[in-house]
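>>> Quick one, what's the 3D model for this:
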Amino acid sequence: MITLEDIRKPVTAELEAFDAFVESQFTAEGELLSDMLRYALSSRGKGIRPLLVMLSAALNAPVKAAAGGRRACLAAMLVEMIHVASLIHDDVIDEADTRRGKPSVNARWQSHKAVILGDYILAKNMNIGLLSGQFDLVTHVCGAMAALCEGEVLQDECAAAHRMTRQTYLDIIYKKTASLLGVSASAGALAVRATRDKVATMRRFGEAVGMAFQIQDDILDYTPSAQTGKPACNDLREGKITLPLLAVLDRASAERRADLLGRLARCHEDDSEVEYLRGVVEQEGGLSFAAEVMQGYISRAVGMLSDYEDSEYRSALVNLCAYIAERDR
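From the prediction side, this is the model:
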């Protein structure tokens, strides 16, 4: 089994420099805000986005030392802090009490303070970026924030109406997950001043990785044994139609579809309906279908690295694809 520790090895020094950079830049005035900020930054998770930035920078750098510069650290900070702020806001929206096994920010300090913290992180992030003078990196990353918001609104709209199509689902996960991962990979290449074609290739690579990442998340939500940091079948309880359930709905008769959607509407208050739908999705091939789609994106991502010469950085990115496909978070 490939581990993240193995994947990080080629850029260990660069990631340590990034962590030091974030610690030096993200400070706050006032004891409460400082405590909240330290708590949020201590729960950043696996760091897939800064890892993508650093591996992409190293892969595309004209000389090895160029990947460890301040621009790469800045690029990694810009994408990672957008992600951190979005998770804080997501937990408020979802009324989530935990995040990765720890109390969420909103659970510890109430929702209104959590919203302020998320806003503060975004504002601080953009301010640091603008003061750096690296306007190409800031401009490159900013569009991902709008995409995240668009994806969240679209998902909430579909959940409220219990309506979803394959194309809408793909649009949602592109905006909510794949867009920022694409920006992460391309920002790494941009940070070392790679050619426009290389930046575009890395963006497509990151987007394919992101699509696979989110589909795998949606598969794991149906897996009680998965270590996701969230309750099993959380999406069903929130009325969300993701690819495993969508695959079943698309093959169902009109009468069967109506019955399944009716059960979905009751999932927020009835655990027996949650378990029924989980069983249906597993037994009727929803998970295996979603896994096939996910593997297609993984294959696409790996294929985009074919023009690069063999190196420890290329191997690490290939292994990252395998890790995403195999992971049980």
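>>> OK, contacts around G206?
L52, S56, A178, L181, G182, V183, S184, A185, S186 (Cβ atoms under 8 Å, 6 or more residues apart in numbering). The C-beta positions use only the backbone N, C-alpha and C, and glycine is treated the same way.
>>> how many neighbours does the nearest residue to R44 once chain neighbours are set aside have?
Closest residue in space to R44, ignoring its immediate chain neighbours: V84 at 5.9 Å, by Cβ to Cβ, 6 or more residues apart in numbering. Applying other Cβ atoms under 10 Å, we find 25 other residues in the vicinity of V84.
>>> Could you measure from V84 over to A191?
Distance of V84 to A191, computed by Cβ to Cβ, to the nearest Å: 19 Å.
>>> cool, and A185?
In terms of Cβ to Cβ, A185 sits 11 Å off from A191.
>>> Low-confidence bits of the stretch 101-250 of the chain, can you list those?
Applying pLDDT under 70 to the stretch 101-250 of the chain flags residues 225-231.
>>> can you give me the helices for it?
Taking DSSP state H, counting those that start in this stretch as the criterion, the stretch 101-250 of the chain carries its helices at 105-109, 111-132, 135-161, 166-173, 179-191, 196-220, 234-237, 243-251.
>>> which of the residues in the longest one are buried?
For helix 135-161, burial by neighbour count (16 or more other Cβ atoms under 10 Å) applies to 137-138, 140-141, 144-145, 147-148, 150-152, 154-155, 158-159.
>>> Likewise for the fifth one?
Residues of helix 179-191 classed as buried: 179-191 (neighbour count, 16+ other Cβ under 10 Å).
>>> S186 touches D197, doesn't it?
No: S186 is beyond contact range of D197, at 11.3 Å (criterion: Cβ atoms under 8 Å).
>>> Need the contact partners of stretch 285-302.
Stretch 285-302 is contacted from outside by 205, 208-209, 211-212, 215-216, 218-219, 222-223, 242-248, 280-281, 318, 321-322, 324-325, using Cβ under 8 Å, 6+ apart.
>>> do the same with stretch 23-30
Stretch 23-30 has contacts (Cβ under 8 Å, 6+ apart) with S34, L37, L41, M77, M81, Y120, I121, K124, I128.
>>> ok, the residues you listed vs L305, which is closest?
For these, the closest approach to L305 (Cβ to Cβ) belongs to M77, at 24.9 Å.
>>> Work out the gap between stretch 37-47 and the centre of the chain.
Relative to its chain's centre, stretch 37-47 lies at 14 Å (Cα atoms, centre = their mean, to the nearest Å).
>>> what's the closest non-adjacent residue to G239?
A159 is the one closest to G239 (Cβ to Cβ, 6+ apart), at 4.4 Å.
>>> check contacts around the one you found.
Neighbouring residues of A159 by Cβ under 8 Å, 6+ apart: E238, G239, K240, I241.
>>> Looking at the residues you listed, which is nearest A265?
Distances from A265 to the contacts of A159, taken by Cβ to Cβ, are shortest for G239, at 6.9 Å.
>>> doesn't G262 make contact with the closest one?
No: between G239 and G262 no contact is recorded; they are 11.8 Å apart, counting by Cβ under 8 Å.
>>> who's more crowded, these two?
G239 (18 against 11).
>>> residue contacts, that one?
A159, A160, H162, L264, A265, C267, H268.
>>> again, but for D6
Going by Cβ under 8 Å, 6+ apart, the list of residues near D6 reads N319.
>>> helix or strand for it, which one?
Per DSSP states H and E: D6 is located in helix 4-8.
>>> Format the CA atom coordinates belonging to that helix as PDB.
C-alpha atoms of helix 4-8 as PDB (Å, rounded to 0.1, in the frame of the first residue of the first chain):
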ATOM      1  CA  LEU A   4       1.500   9.700   1.800                       C
ATOM      2  CA  GLU A   5       4.800   9.600   3.700                       C
ATOM      3  CA  ASP A   6       6.400   7.800   0.700                       C
ATOM      4  CA  ILE A   7       4.900  10.200  -1.800                       C
ATOM      5  CA  ARG A   8       6.200  13.200   0.200                       C
END
